[in-house]
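**Student:** no sequence on hand, only this structure:
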């Protein structure tokens, strides 16, 4: 191998190794691991169709909406529970966490890709399936437990919120 080939090989190796050295993959913090477990349990409560267990993950003042709600009409746990009972009680939820950003104020912003599949299943297929990406949820600790205080599956609003908190 001549000097030119050695130089090119060295540059290629450096180009591959440098991003790893500059931006090493960091392990999730204990707080993030705990939040991931809560998100998993949230999904399980939804899929049991247990509205009481599901709503236990919400703050009393949750802002839970599928649409752009600049007037705040979808605020409060009671509104979220009514929305769940009228729109989601007969659905299965699949969430894929895209990114979690732990915020300086102790809250967390979670970007999610979500699939809602409506029951009943016939011949192994759901009645309807809706995919939402991105979905955003915001979480904070209350009494040592992670609780959701904001949620939207409205794509425009979710993208706007993600931009505001630097999750892209």
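**Tutor:** That came through, no problem. Computed from a predicted model, the values in this text were never measured in an experiment. Numbering: from 1, shown residues only.

**Student:** partner strands of the lengthiest strand in the chain, parallel or antiparallel?
**Tutor:** Ranked by number of residues, the top strand in the chain under DSSP state E is strand 125-142. Here strand 125-142 has these sheet partners by DSSP bridges: strand 108-122 (antiparallel), strand 145-152 (antiparallel).

**Student:** any idea how far residue 147 lies from residue 160?
**Tutor:** Separation of residue 147 from residue 160 (CB to CB, to the nearest Å): 23 Å. (Each C-beta comes from the backbone N, C-alpha and C, glycine too.)

**Student:** which residue comes closest to the spatially most central residue of the chain once chain neighbours are left out?
**Tutor:** Residue closest to the mean C-alpha point of the chain, counted by CA atoms, centre = their mean, is residue 112 at 3.1 Å. Nearest residue to residue 112, sequence neighbours excluded (CB to CB, 6 or more residues apart in numbering): residue 135, at 4.4 Å.

**Student:** ditto for residue 42
**Tutor:** residue 57 (4.7 Å).
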